[in-house]
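Peer 1: pasting the structure only:
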Ligand SMILES: Cc1cc2nc3c(=O)[nH]c(=O)nc-3n(C[C@H](O)[C@H](O)[C@H](O)COP(=O)(O)OP(=O)(O)OC[C@H]3O[C@@H](n4cnc5c(N)ncnc54)[C@H](O)[C@@H]3O)c2cc1C
């Protein structure tokens, strides 16, 4: 019997299985954890539901909407705010300087006017200074970069930026310096979120159709003999294989990988995310759907409100916020879980969100893989590793399989594309004229 297998049951593995079925192929997904869903899974603490980090959808792709839109959803305006060090500023921060002192505005806007003309961009710091001028770049995005990417901006590349970071426009900056009336300027028009059951509801149609074998952690792949080994001692053979496992881990699991590829794969790294999820005994604690934190004394880079995404995430009369704290091998976490909670508690008070008495609990959970880090030259190293894996007849999919900065809709498309690649019927043999 032909065995088509998919490693990893996140959205990419599920969408690969879903598409394979449409193309007439059966697949089996092997997943290490007890339930499929990967990063789109959620958990509950004392009646409060939390996703695994922020998760809102701005999917546009037909294939994704066809699945996601089967869940009834809320539509949200992408309205966010920024905690500076003493005050809240609307997002994007450079377009909302209105509350600042006149002298600060003069310095920041002069910096923008005198920003270096477009030229050689060696790294993200160059990009930021050219976009915003040095004073704005140093005050906000370079601080956020260190919190979110765990590297200084001069050690990051720029390929990931795309439409994710708002470009500076002098007219917009001036408008926001003189007036509070500014548009949100976010890269998506609306954010969607399921009315019931958390973000995972969006992928339930694919979970329901998939054949997932859970609690099966892959520990070895013998490419030559087409065998996959699991931590529980089981072995399966395969004909076709799609992997959504983190690329460096996949290489470590594969037999007979050349040393230079092993070393190159080991140089790729990602951030981990420590989530501090907080339940409050009063409503409306969060200032907006989500917010950014530039203040270095607060470890979290950002927070969002689960019950703002959907009221079914918190008990009546209560509210919730989840904070994201990033670390990586480049900047390992040196705090204990108790320190992370204490820092978050202090931050909540400093930002004026709530008092100690309003806090019902602070809960900690760690996501081992958050964002792949685009340190300088990463893309070329990653592509060498991917080329090697693909030369072994393994298709790669997903945020960590492709080792890219993919939103959930993009991870879903990545799974679909991997399935199309390896399950497409062979083209008919050409007929001699
Ligand atoms: C902080 C954060 C915020 C985000 N916010 C958004 C957002 O607002 N909107 C949005 O659209 N997207 C968002 N995303 C992106 C989204 O989460 C991802 O694109 C998507 O979930 C990745 O899916 P995946 O299937 O590629 O990977 P995963 O979900 O990681 O799935 C991989 C699966 O492989 C399994 N696995 C790993 N190792 C093994 C092994 N050895 N054996 C067997 N199984 C294994 C894992 O358990 C996991 O289930 C966010 C991501 C993060 C980290």
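Peer 2: Alright, I've got the coordinates. Computed from a prediction, not measured in an experiment: that's the story for all the values here. Residues are numbered from 1 along each chain as shown.

Peer 1: measure the residue nearest to residue 156 when sequence neighbours are not counted to the ligand for me?
Peer 2: Closest residue to residue 156 apart from its sequence neighbours, by C-beta to C-beta, 6 or more residues apart in numbering: residue 124 at 4.0 Å. (Each C-beta comes from the backbone N, C-alpha and C, glycine too.) From residue 124 across to the ligand, the span is 19 Å (C-beta to the nearest ligand atom, to the nearest Å).

Peer 1: quick one: residues contacting residue 124.
Peer 2: 145, 153, 154, 156, 157, 158, 161 (C-beta atoms under 8 Å, 6 or more residues apart in numbering).

Peer 1: buried residues, stretch 78-94. List them.
Peer 2: Under the neighbour-count criterion of 16 or more other C-beta atoms under 10 Å, stretch 78-94 has 78, 80-84, 88-94 buried.

Peer 1: for the stretch 251-400 of the chain, which segments count as strands?
Peer 2: Ranges of strands in the stretch 251-400 of the chain, per DSSP state E, counting those that start in this stretch, are 272-280, 290-293, 302-304, 319-327, 359-367, 394-396.

Peer 1: now these in TSV, with mean pLDDT?
Peer 2: Below are these laid out as TSV (pLDDT from 0 to 100):
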stretch	mean pLDDT
strand 272-280	98
strand 290-293	97
strand 302-304	98
strand 319-327	98
strand 359-367	98
strand 394-396	98
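
Peer 1: I'd like those as TSV, with distance to the ligand and mean neighbour count appended.
Peer 2: Putting the strands of the stretch 251-400 of the chain into TSV (distance: least, C-beta to the nearest ligand atom, whole Å; neighbours: other C-beta atoms under 10 Å) gives the following:
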stretch	distance to the ligand	mean neighbour count
strand 272-280	5	23
strand 290-293	9	23
strand 302-304	9	24
strand 319-327	6	24
strand 359-367	6	17
strand 394-396	10	22
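
Peer 1: out of those strands, which gets nearest to residue 176?
Peer 2: strand 290-293 (16.0 Å; C-beta to C-beta).

Peer 1: got a list of contacts for the closest one?
Peer 2: Residues contacting strand 290-293 (C-beta under 8 Å, 6+ apart): 54, 56, 80-83, 88, 91, 93, 144, 147, 300-305, 347, 351.

Peer 1: same for the helix or strand that contains residue 412, what does it pack against?
Peer 2: Per DSSP states H and E, residue 412 falls inside helix 408-423. Here helix 408-423 touches helix 11-22, helix 62-68, strand 240-243, strand 394-396, helix 398-401, going by 3 or more C-beta pairs under 8 Å, 6 or more residues apart in numbering; DSSP states H and E.

Peer 1: helices or strands next to the last one in the packing?
Peer 2: Using 3+ C-beta pairs under 8 Å, 6+ apart as the contact definition, the elements that helix 398-401 packs against are helix 11-22, helix 247-253, helix 408-423.

Peer 1: what does the stretch 201-350 of the chain put close to the ligand?
Peer 2: Neighbours of the ligand within the stretch 201-350 of the chain, by C-beta under 6 Å from any ligand atom: 217, 218, 244, 245, 273, 324.

Peer 1: save the contacts of residue 124 as JSON lines, and put in distance to residue 131, secondary structure and pLDDT too.
Peer 2: Shown next, in JSON lines, are these (distance: C-beta to C-beta, whole Å; DSSP: H, G, I helix; E, B strand; the rest coil; pLDDT from 0 to 100):
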{"residue": "145", "distance to residue 131": "13", "secondary structure": "helix", "pLDDT": "97"}
{"residue": "153", "distance to residue 131": "11", "secondary structure": "helix", "pLDDT": "97"}
{"residue": "154", "distance to residue 131": "15", "secondary structure": "helix", "pLDDT": "96"}
{"residue": "156", "distance to residue 131": "14", "secondary structure": "strand", "pLDDT": "96"}
{"residue": "157", "distance to residue 131": "15", "secondary structure": "coil", "pLDDT": "92"}
{"residue": "158", "distance to residue 131": "10", "secondary structure": "coil", "pLDDT": "88"}
{"residue": "161", "distance to residue 131": "10", "secondary structure": "coil", "pLDDT": "79"}
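
Peer 1: go ahead and build a PyMOL selection from the buried members of those residues.
Peer 2: Burial among the contacts of residue 124 is assessed by 16+ other C-beta under 10 Å; the matching PyMOL selection reads:
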select buried, resi 145+153+156+157+158+161
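
Peer 1: farthest pair in the contacts of residue 124?
Peer 2: For the contacts of residue 124, and using C-beta to C-beta, no pair is farther apart than 154 and 161, which are 14.7 Å apart.

Peer 1: strands of the stretch 101-250 of the chain, residue ranges please.
Peer 2: 191-194, 212-213, 218-222, 227-230, 235-237, 240-243.

Peer 1: export those to JSON lines and tack on mean pLDDT and mean neighbour count?
Peer 2: As requested, these are arranged in JSON lines below (pLDDT from 0 to 100; neighbours: other C-beta atoms under 10 Å):
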{"stretch": "strand 191-194", "mean pLDDT": "97", "mean neighbour count": "22"}
{"stretch": "strand 212-213", "mean pLDDT": "98", "mean neighbour count": "16"}
{"stretch": "strand 218-222", "mean pLDDT": "98", "mean neighbour count": "18"}
{"stretch": "strand 227-230", "mean pLDDT": "98", "mean neighbour count": "18"}
{"stretch": "strand 235-237", "mean pLDDT": "96", "mean neighbour count": "13"}
{"stretch": "strand 240-243", "mean pLDDT": "98", "mean neighbour count": "25"}
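
Peer 1: can you add distance to residue 62 and give these back as TSV?
Peer 2: Converted to TSV, these look like this (distance: least, C-beta to C-beta, whole Å):
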stretch	distance to residue 62
strand 191-194	15
strand 212-213	25
strand 218-222	32
strand 227-230	33
strand 235-237	34
strand 240-243	22
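
Peer 1: mind checking the SS state of residue 26?
Peer 2: coil (DSSP: H, G, I helix; E, B strand; the rest coil).

Peer 1: grab the nearest non-local neighbour of it.
Peer 2: Using C-beta to C-beta, 6+ apart, the closest residue to residue 26 is residue 4 (6.6 Å).

Peer 1: now residue 362: closest residue in space, sequence neighbours ignored.
Peer 2: Spatial nearest neighbour of residue 362, excluding adjacent residues (C-beta to C-beta, 6+ apart): residue 341 at 4.3 Å.
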